[in-house]
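Enquirer: Pasting a predicted model and its sequence here:
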Amino acid sequence: MIPLFFAGVLAVAGLLAFTTGRNMLRNYELGQEEAKLHRELEQLKREHEQLSGIREYLRSDEYVEDVARRTLGLVKPGETLVIVSAPEGEAASPVPQPTPGVAWWKSLFSIAEPTPTAPPLLAP
């Protein structure tokens with residue numbers, strides 16, 4: 001009878017140890033996942049701030065004037081348009097190509113990926 005009792009106590013203790021260990025492992029995994037999601041959220045917030053800054057710039061009079069001057073060749077009243085061309089034989093600067101793995105808008109506005117130690121580019 002006594003050996004059977006000790007076997008039962010040993011089985012219950014083993015089950016409790018196994019369950020406790022499994023729960024501790026699951027809590028550790030959830031903590032790791034939570035930390036990863038917080039890092040991802042911070043990265044998304046930085047990208048949102050960058051995109052908001054770009055949106056505000058694209059809505060500004062400065063951007064509209066720049067596009068009108070560079071792309072459309074428009075000038076203000078009283079100004080004279082001067083076109084400068086490259087000497088013969090020299091090729092114009094090539095059109096920048098998007099960098100693989102970088103969002104198109106980051107390539108367009110020359111926004112580099114921040115390093116882990118660098119502050120965000122458009123910090124408030």
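Expert: Ah, there it is.
Enquirer: Not counting its own residues, what contacts stretch 60-67?
Expert: Defining contact as CB atoms under 8 Å, 6 or more residues apart in numbering, one finds that stretch 60-67 is touched by Y57. For the C-beta atoms, the positions are set from N, CA and C on the backbone; glycine is no exception.
Enquirer: and with 10 Å instead?
Expert: 54, 56-58, 74, 76 (CB atoms under 10 Å, 6 or more residues apart in numbering).
Enquirer: so how far is that stretch from its chain's centroid?
Expert: A distance of 26 Å separates the centroid of the chain from that of stretch 60-67, by CA atoms, centre = their mean, to the nearest Å.
Enquirer: does P100 count as helix, strand or coil?
Expert: Following DSSP: H, G, I helix; E, B strand; the rest coil, P100 is assigned to coil.
Enquirer: which helices and strands sit right next to the longest helix anywhere in the chain?
Expert: Longest helix in the chain, counting residues (DSSP state H): helix 2-59. Secondary-structure packing of helix 2-59 (3 or more CB pairs under 10 Å, 6 or more residues apart in numbering; DSSP states H and E): helix 61-70, helix 104-108.
Enquirer: now the first one against helix 2-59, angle please.
Expert: I take that to be helix 61-70. Relative orientation of helix 61-70 and helix 2-59, computed by axes from the mean of the first three to the mean of the last three CA atoms, to 10 degrees: 60 degrees.
Enquirer: K106: neighbour count?
Expert: By the measure other CB atoms under 10 Å, the count of residues near K106 is 18.
Enquirer: Neighbour-wise, give me the winner out of the contacts of stretch 60-67.
Expert: I54 (17 neighbours).
Enquirer: what's the distance between that one and E34?
Expert: 31 Å (CB to CB, to the nearest Å).
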